[in-house]
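Student: this is a predicted model, with the sequence first.
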Amino acid sequence: MAKLSPEFPKPKTVLATFVVAAFSAAMTSLSHPAALRVDGLSTVSDVPPVTTAKGAYVPLRAVATSLGADTNYDAQTGKIELLRADDTLRLRVGDRNATLNGKPLALKAAPFAVRGRTMVPLGVIARAFKTNVRYDKARARIDVMTAGPIDAAAQDDTP
């Protein structure tokens, strides 16, 4: 009976595996979800924004609350209603058709749910709440700004 000797990987294979593992670990440690700010103040949500190559999606309730909107959700129909001043936005997860003040509003992407939170494209926030929005990929930051003066002392400009 012949003895089997263990075969060790070649040094090049070990080195390549190490390099790939180190690169993956570094990228994972450096990656973080985009920070969400409304009128210069950090907005906290139990679900962070979702960013893709096509854009940014924000947690609807967190942004709406920060902007002073009331949010109503009907679990039976899945309809979501946002009320802010004289504006009413109605939408549903998975449906690209919404209404803003009773008029049809076609969404570029359908809202979706992440851990029970409705995520909407950043552009929906701009159109529904008449805000300026910006997604800065380089700084991993999403800004939602309302029109009008902002208290400079309340702004948080830390990166």
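Tutor: That came through, no problem.
Student: when you work out contacts or count neighbours from here on, use the C-alpha atoms and nothing else.
Tutor: Fine.
Student: nearest spatial neighbour of the residue nearest to the spatial centre of the chain, chain-adjacent residues omitted?
Tutor: The chain has residue 49 as the residue nearest its centroid, 1.9 Å off, counting by CA atoms, centre = their mean. Distances taken as CA to CA, 6 or more residues apart in numbering put residue 58 closest to residue 49, at 4.6 Å, once the chain neighbours are dropped.
Student: now swap in residue 65 and tell me
Tutor: Using CA to CA, 6+ apart and skipping the chain neighbours, the partner closest in space to residue 65 is residue 71 (7.7 Å).
Student: partner strands of the helix or strand hosting residue 119 and their direction?
Tutor: Assigned by DSSP states H and E, residue 119 belongs to strand 117-121. If you go by DSSP bridges, strand 117-121 pairs up with strand 55-59 (antiparallel), strand 112-114 (antiparallel).
Student: hmm, who's touching stretch 65-75?
Tutor: Among residues not part of stretch 65-75, those counted as contacts by CA atoms under 8 Å, 6 or more residues apart in numbering are 38, 43, 61, 64, 79-85.
Student: between the two ends of it, how far is it?
Tutor: Start to finish, the residues bounding stretch 65-75 are 19 Å apart (CA to CA, to the nearest Å).
Student: before we move on, what about stretch 79-94?
Tutor: 11 Å.
Student: distance of the closest residue to residue 35 other than its chain neighbours from residue 52?
Tutor: Taking CA to CA, 6+ apart, and ignoring the residues beside it in sequence, residue 35 has residue 141 as its nearest neighbour in space, at 4.7 Å. In this structure, residue 141 lies at 13 Å from residue 52, with CA to CA as the measure.
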